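[1] structure for this input, please:
(4 chains)
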2 protein chains.
Amino acid sequence: MSRPPRARELVLDAFEALLIDEGERAATMEATARAAGVSKGGLLYHFGSKDALEAGLIERLDALAQDDIERMSVAPDGPVAYFVRTSVMSDDPLDRALIAASRLAQGGHAAAGAALRAIRGRWADALRPHTADDTALDLVMLVSDGLYYNNALETGGLTGPIPTGPAMDALIALVERSTKD
Amino acid sequence: MSRPPRARELVLDAFEALLIDEGERAATMEATARAAGVSKGGLLYHFGSKDALEAGLIERLDALAQDDIERMSVAPDGPVAYFVRTSVMSDDPLDRALIAASRLAQGGHAAAGAALRAIRGRWADALRPHTADDTALDLVMLVSDGLYYNNALETGGLTGPIPTGPAMDALIALVERSTKD
DNA sequence: GTCTATATACAGATAGAC
DNA sequence: GTCTATCTGTATATAGAC
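    Residues are numbered from 1 along each chain as shown, chains lettered A, B, ... in the order given. All right, here's what the predicted structure looks like:
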């Protein structure tokens, strides 16, 4: 797993962090290079254009999502609980890539939007056998979307209105009661 | 209601449309002026800076949200059904202002984030008496957030995975069954 | 009120040295 | 692989004519 050059990964980390913390507008090539500790020229060796940098982020997102869907299908407390619980930003690599990609998508980046829709579709397919019907599936997906939306709006580390601890356990119980087969 | 100069409102409409359709980055002063059919100088007469333009949008959002909360509290089929149903982008002025403000918030605009959080808090306060407990309230709020998130990701008119027609009726019924007092 | 013209800063990208 | 220097376009904002 040390195949992708380390500097390349550092650049992607920096790009992601800028998108999450300061938004698309602030995530320029120059700012990304500075945050990654390389020069603009150095960045451009790894990613020859802004498009290439964005494509690199989407590629990382797809790989992380693939892993997540596999983990979800074997989760001990079941896919629905796993899915809702992991929809709160725990600062793990997948959450960060998802928020970063959603910033790009909302900036009009078509490939980012398509990638997010495709991942959402794969989650839905994996959850469908575990919900009573399509309405129940809609409910589960929308609660998860809602958690991500709130995460995405917390720029700069403000504590939002997202349930945590016991409140999250209660929410998961309610969702499961409302949607279980 | 003709007090705010007409050109001022047209500029705000154009700014909103650019934020929604092409994202924060595309919503420049120049592009906004062009879309509103005025020159850059003309725009700057009404809004002396980008900050002033953004503040104008937030002011409009606050006024529209105030109206919505009043309508919600007297809705014939109850506040919960009203709230969930109106969370899908019907292209009405409030929905547009909300999506536009969320673009700003995700670009790091602190006042936009604060306005959105305040509105969400007022919705929650109005709904709390109509839900069984705080967990049920969380569920309602998150389903609504999820609907907005999906709307926000549909840039350029792509049809997303949002329930409509009978599917929406079924979703509302499920949410009410899961959360009613 | 609305315009043109212009100042200043910074974006993305290229060239070529080391 | 990584750097500096530079080109070209465009962003926000100002000045001042109409």
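
[2] quick check on A:T131: phi, psi?
    phi -120, psi 150 (degrees, to the nearest 10).

[3] looking at it, it is touching A:T179, isn't it?
    Yes: using CB atoms under 8 Å, A:T131 is in contact with A:T179, at 4.8 Å. For glycine as for every other residue, the C-beta is placed from the backbone atoms N, C-alpha and C.

[4] what is the burial count for A:E176?
    Residues near A:E176, counting by other CB atoms under 10 Å in any protein chain shown, number 18.

[5] what's the strand or helix carrying it in contact with?
    The secondary structure element spanning A:E176 is helix A:166-179 (assigned by DSSP states H and E). Residues from elsewhere that reach helix A:166-179 (CB atoms under 8 Å, 6 or more residues apart in numbering or on different chains): A:78, A:80-81, A:84-85, A:88, A:131-132, A:136-137, A:139-140, A:143, A:163, B:134-136, B:138-139, B:142, B:174, B:177-178.

[6] how does it look with 7 Å?
    The list of residues contacting helix A:166-179 from outside it, by CB atoms under 7 Å, 6 or more residues apart in numbering or on different chains, reads A:80-81, A:84-85, A:131-132, A:136, A:139-140, A:143, A:163, B:135-136, B:138-139, B:174, B:178.

[7] repeat that for stretch A:126-139.
    A:69, A:72-73, A:78-80, A:83, A:124, A:140, A:175, A:178-181, B:143, B:163, B:167, B:170-171, B:174.

[8] name the residues of chain A found near chain B, please.
    By the rule CB under 7 Å from any CB of the partner chain, the part of chain A lying against chain B is A:22-26, A:102-103, A:105-108, A:113, A:116, A:120, A:135-136, A:138-139, A:142-143, A:145-150, A:152-153, A:155, A:161, A:163, A:167, A:170-171, A:174, A:178.

[9] remind me which residues of chain A are low pLDDT?
    A:1-3, A:156-159, A:181 (pLDDT under 70).

[10] select the longest helix from it.
    helix A:50-73 (DSSP state H).

[11] residues touching the residue most central in space within chain A, list them.
    Nearest to the mean C-alpha position of chain A, counting by CA atoms, centre = their mean, stands A:L98 at 1.8 Å. Contacts for A:L98 (CB under 7 Å, 6+ apart) come out as A:L61, A:Y148.

[12] and A:I172, how close does it get to DNA strand C?
    Using CB to the nearest atom of the strand, to the nearest Å, A:I172 is found at 40 Å from DNA strand C.

[13] what about that residue, how many neighbours?
    A:I172 has 21 nearby residues by other CB under 10 Å.

[14] can you pull the residues of chain A lying near DNA strand C?
    A:T28, A:M29, A:E30, A:A31, A:K40, A:G41, A:L44, A:G48, A:S49, A:K50, A:D51 (CB under 7 Å from any atom of the strand).

[15] ok, now which ones touch the third one?
    Spelled out, it's A:E30. Contacts for A:E30 (CB under 7 Å, 6+ apart) come out as A:K40.

[16] what's the answer for the first one, then?
    Residues counted as contacts of A:T28 (CB under 7 Å, 6+ apart): none.

[17] what does the second one give?
    Residues touching A:M29, when contacts are defined by CB under 7 Å, 6+ apart, comprise A:K40, A:L43, A:K50.

[18] mind checking how far the strand or helix carrying A:W123 is from the chain centre?
    If you go by DSSP H and E, A:W123 is part of helix A:110-127. Helix A:110-127 sits 11 Å away from the centroid of its parent chain (CA atoms, centre = their mean, to the nearest Å).

[19] give the buried residues for that helix.
    Within helix A:110-127, the residues scored as buried using 16 or more other CB atoms under 10 Å in any protein chain shown are A:A112, A:G113, A:A115, A:L116, A:R117, A:I119, A:R120, A:W123, A:A124, A:A126, A:L127.

[20] roughly how far does the most far-flung residue of chain A relative to its centre sit from chain B?
    Here chain A reaches farthest from its C-alpha mean at A:G41, the gap being 28.8 Å by CA atoms, centre = their mean. Distance, A:G41 to chain B, using CB to the nearest CB, to the nearest Å: 24 Å.

[21] likewise A:Y45?
    Distance of A:Y45 to chain B, computed by CB to the nearest CB: 25 Å.

[22] next one: A:A52
    Where chain B is concerned, A:A52 sits at a distance of 18 Å (CB to the nearest CB).

[23] next: A:L94.
    Distance, A:L94 to chain B, using CB to the nearest CB: 17 Å.

[24] next: A:A17.
    A:A17 is 13 Å from chain B, by CB to the nearest CB.
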